[in-house]
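Peer 1: Got a predicted structure plus its sequence, pasted below:
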Amino acid sequence: MNGRVPFGVADYFWDEASKRQNLLDLLMETFRGWGYGDVIPPMFEFDSTLSAQYDDRLRSGMYRFLDRDGSTLSLRPEFTTPVARLVGARLHDWPMPQRFCYGGSVFRYLEPQAGRQREFWQVGGELIGAPNPAADAEILALTATALKVAGLTEFRQIVGHIRYYRSLLQALDLNPQQTQQLQWALERKSEPLLDDFLRETPLRTGQRQAVETLPQLVGENVDGILSLAERHIQNRGMHEALQNLRGIVDALLGYDILDSFVIDLTEIRNLGYYTGVSFEAVTPGLGTAVASGGRYDDLVGRFGPPQPAVGVALGVDRLLVAQQRQDETDSAADPRRPQAALALPQGSQEALAQVQSLRQAGLHIQVDVNGWPIDSAFAYAVETGVCDVLLWEDGFQHHQRDDQGDFVLLGQLEESRLPGWTANCREGLSK
Amino acid sequence: MTSAVAVPSRAPAETIEQSRPAAASDRNQQSLLFALPKGRLAQDSLSFLEQAGLSIPTDTESRKLILPAADGSTGFVMAKPRDVPTYVEHGAADLGICGLDVVRETDRAVYEPLLLPFGHCRLSVAGPADEAAVPPGESGDFADLAVKPATYSSSPGTPLRYMSQPRIATEYPHLSRRFFAERGVNAEIIALGGSVELGPILGLADLIVDVVQTGTTLRMNGLVEIRTILESQAVLVVNRASYQLKAAEINRIIERMRLLTT
């Protein structure tokens, strides 16, 4: 036996584990507050269910294995497809729209980076059966709210529309090699590569101008960019994409999150199943996106009657890194949560009964099960960061650690003297 | 904290409160962090930034890890060239300058808005001049082949007919493997950290893939260029998040640089 773990997974414990779990709960609660109901899809599915929907990058990053009957299975690399399958196959006759939220592990066989292992956590929501810009706006506003709940203050949401680019490609009628060249240039935001493309590709004047304008369709001036893009419309698809973006922006006015908005009509990396608006959220100090999402009107239909849908997933691991980096600059480190108080019942049944009632009142209490003398209990408490030791002598005597690190007897236990988290829990319950 | 008994208890807290805003404002002032490559491109990069009217560090020989620009607007880190795209991808630096060869080899998810007018070189396949490395049916005039660049995006040109599994010594394992794979050859790639010209001399490799500027090093070691894999020059790379989060500052830098490149 050895204690190694496979590359790409990690143990989380103590503060790191509780922070993680708390953030997950907090985000889930935010989604629930907007009417999103919990869904727990399976950890693995038939490979064919999942991988048909993805682009090459994600497909090559899936964990696959064989079931005992020989069928290929995959660990879920994201939640959207399983949720779409559920709604398409089983919930299609339930009233629309349907809102679902989820949180848990996903698995991608990629190089670990930015606090993210090959198993990492996502929280997200899907709004299914709603085609209008108001639905896209809800997801964008919900994402902004969730990022604020996670404690981020300076994030930006980069909003693109894959339909604009795909329609432009249609209008240009390029061969695969030319398409590749244009995509390369846009993905890298490379002016020289775009110049190469324009020099080597024969285009009509209007088309050429539409391509030349692309690099300018990036920035905070939402209205200006949309107006500029509207002057270079080549076909109906491009027109509808811009109309749709305008509709979303209008629908967002009431939410007061437009100041975090950046339009980028050249942002074309994505999971492959998006059909409309797509977006990523970025935050200072972290080079990668903390959330991404978009509209996927063709996905549910692969599993049942078609339904328009839009959703978002937030990366819990990256949010934690972003929080940490932000706290370093804000110097607003959150206080260490106190450990559960340590009670020494000294073999008394009465003591255990009182511990039970304290726990019912919401206090966190661990009981000594080794029959320790008080000195051993103090030594254990000091090493594990426990601040309160309760010794049974016809009622609990409360010993509390002072600033110098020495335990001081406060006298008979009064619940209100149990500090911080434990007392807060009790207050929360009494409300 | 244990010795704080004799000291007024407020004192330590005040020190902390005072020092923190100072550190924070330091970071705010240096809102951009620029990663520059040590070595070959270092001096050219600094001169180029200066020409572009950007404030550069006064003392580049300093042992400090982050060098502030003369006007304090920008911080600079001098990194190993290979690490520049890594720093920028992870957002440890907002922008960077490095060779296109390094950007393609490391294949990091960064934006690369501009090619910069220095650091020109080419990544080439080279082999011993005297040997029967001249494939049958291919022109023996290596110099002629070398001036006709065959970038990997264009057609392979005349086929490479080496032995089934040539051994390639290189500092560019990814680009080398891809170059040969695209021509139907599964080359044995021997990744080295430098002095790859030694490979053929010591019998470690049949061919090398390396950066060529003038060709002097190759000639001195009895090697000739056979194919050009990539024409390289310096390139500006930008972190994808910073590009949006610090759009105003970064666009200002791009604008100034663009004036010098066109």
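Peer 2: Cool, got the structure.
Peer 1: which residue does the stretch 1-150 of chain B bring closest to chain A?
Peer 2: Nearest residue of the stretch 1-150 of chain B to chain A, counting by Cβ to the nearest Cβ: B:G91, 2.7 Å away. The way it works is simple: take the backbone N, C-alpha and C, and place the C-beta from them, glycine included.
Peer 1: Surely that residue touches B:S242?
Peer 2: Yes - assessed by Cβ atoms under 8 Å, B:G91 is found in contact with B:S242 at 6.5 Å.
Peer 1: Identify the residues contacting A:F65.
Peer 2: A:F65 is in contact with A:44, A:72-74, counting by Cβ atoms under 8 Å, 6 or more residues apart in numbering or on different chains.
Peer 1: follow-up on the earlier one: mind checking which of B:G91 and B:S242 has more residues around it?
Peer 2: More crowded of B:G91 and B:S242, by other Cβ atoms under 10 Å in any protein chain shown: B:S242, with 25 against 22.
Peer 1: give the contact list for the closest residue to B:L192 other than its chain neighbours.
Peer 2: Using Cβ to Cβ, 6 or more residues apart in numbering or on different chains and skipping the chain neighbours, the partner closest in space to B:L192 is B:A169 (5.5 Å). Neighbouring residues of B:A169 by Cβ under 8 Å, 6+ apart: B:190, B:192, B:196, B:198-200, B:204-205, B:207-209.
Peer 1: again, but for A:L358
Peer 2: A:365, A:415.
Peer 1: which element is it on?
Peer 2: In the assignment (DSSP states H and E), A:L358 maps to helix A:349-360.
Peer 1: Buried ones only from the contacts of A:F65, please, as a ChimeraX command.
Peer 2: Remark: buried members of the contacts of A:F65, expressed as a ChimeraX selection using 16 or more other Cβ atoms under 10 Å in any protein chain shown:
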select /A:44,73,74
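Peer 1: pretty sure A:L299 contacts A:T81?
Peer 2: Yes - counting by Cβ under 8 Å, A:L299 touches A:T81, with 6.8 Å between them.
Peer 1: And the two? Which one has more around it.
Peer 2: A:L299 (28 against 25).
Peer 1: Quickly find the element holding the closest residue to the more buried one other than its chain neighbours.
Peer 2: Using Cβ to Cβ, 6+ apart and skipping residues adjacent in sequence, the residue nearest A:L299 is A:A84, 4.4 Å away. Assigned by DSSP H and E, A:A84 belongs to helix A:80-90.
Peer 1: all helices of the stretch 1-150 of chain B, in order?
Peer 2: Assigned helices in the stretch 1-150 of chain B, in chain order: B:10-29, B:42-51, B:83-89, B:100-106, B:142-147 (criterion: DSSP state H, counting those that start in this stretch).
Peer 1: which residues touch A:D402?
Peer 2: A:V408.
Peer 1: and the nearest residue to A:Q354 once chain neighbours are set aside, backbone torsions?
Peer 2: Spatial nearest neighbour of A:Q354, chain neighbours left out: A:F396 (6.7 Å); criterion: Cβ to Cβ, 6+ apart. With angles defined as degrees, to the nearest 10, A:F396 sits at phi -80, psi 130.
Peer 1: I'd assumed A:L413 was in contact with A:F396.
Peer 2: Yes - if you go by Cβ under 8 Å, A:F396 and A:L413 touch, sitting 4.0 Å apart.
Peer 1: Any chance you could list residues touching both of the two?
Peer 2: A:L390.
Peer 1: Near chain A, which residues of the stretch 101-250 of chain B are found?
Peer 2: Within the stretch 101-250 of chain B, the positions lying close to chain A (Cβ under 8 Å from any Cβ of the partner chain) are B:109-115, B:153, B:238-245, B:247.
Peer 1: Need the overlap of contacts for B:G91 and B:S242.
Peer 2: A:G287.
Peer 1: near chain B, which residues of the stretch 51-200 of chain A?
Peer 2: A:113-114, A:154, A:156, A:158, A:181, A:188-192.
Peer 1: where exactly do the strands run in the stretch 101-250 of chain A?
Peer 2: Assigned by DSSP state E, counting those that start in this stretch, the strands in the stretch 101-250 of chain A fall at A:119-128, A:156-161, A:218-219.
Peer 1: same question, the stretch 51-200 of chain B
Peer 2: Under DSSP E, counting those that start in this stretch, the stretch 51-200 of chain B gives strands at B:66-68, B:74-79, B:95-99, B:111-115, B:121-128, B:167-170, B:188-191.
Peer 1: Please see if the second one touches chain A.
Peer 2: No - with Cβ under 8 Å from any Cβ as the measure, strand B:74-79 is seen stopping short of chain A, the closest distance being 14.0 Å.
Peer 1: neighbouring strands for that strand, and are they parallel or not?
Peer 2: strand B:32-37 (parallel), strand B:66-68 (antiparallel) (DSSP bridges).
Peer 1: One more: the last one?
Peer 2: If you go by DSSP bridges, strand B:188-191 pairs up with strand B:167-170 (parallel).
Peer 1: and if you look at the fourth one?
Peer 2: Neighbouring strands of strand B:111-115 in its sheet, by DSSP bridges, are strand B:234-238 (antiparallel).
Peer 1: Turn the contacts of A:F65 into JSON lines, columns for secondary structure and pLDDT.
Peer 2: Converted to JSON lines, the contacts of A:F65 look like this (DSSP: H, G, I helix; E, B strand; the rest coil; pLDDT from 0 to 100):
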{"residue": "A:F44", "secondary structure": "strand", "pLDDT": "97"}
{"residue": "A:T72", "secondary structure": "strand", "pLDDT": "96"}
{"residue": "A:L73", "secondary structure": "strand", "pLDDT": "97"}
{"residue": "A:S74", "secondary structure": "strand", "pLDDT": "96"}
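Peer 1: a markdown table for the contacts of A:F65, including distance to A:R231?
Peer 2: As requested, these are exported to a markdown table (distance: Cβ to Cβ, whole Å):
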| residue | distance to A:R231 |
| --- | --- |
| A:F44 | 49 |
| A:T72 | 49 |
| A:L73 | 50 |
| A:S74 | 45 |
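Peer 1: what's the pLDDT at the most centrally placed residue in chain A?
Peer 2: The centroid of chain A falls nearest to A:L314 when counting by Cα atoms, centre = their mean (1.6 Å). A:L314 is assigned 97 on the pLDDT scale.
Peer 1: Now the residue in the stretch 151-262 of chain B positioned nearest to chain A: which helix or strand?
Peer 2: As assessed by Cβ to the nearest Cβ, chain A sits closest to B:A241 within the stretch 151-262 of chain B, at 3.6 Å. Here B:A241, judged by DSSP H and E, is contained in helix B:240-245.
Peer 1: Just the C-alpha atoms of that helix, please, in PDB.
Peer 2: Extracted in PDB, the C-alpha atoms of helix B:240-245 (Å, rounded to 0.1, in the frame of the first residue of the first chain):
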ATOM      1  CA  ARG B 240      -6.800  36.900 -22.500                       C
ATOM      2  CA  ALA B 241      -8.400  38.300 -19.300                       C
ATOM      3  CA  SER B 242      -6.100  41.300 -19.100                       C
ATOM      4  CA  TYR B 243      -6.900  42.200 -22.700                       C
ATOM      5  CA  GLN B 244     -10.500  42.900 -21.500                       C
ATOM      6  CA  LEU B 245      -9.900  44.000 -17.900                       C
END
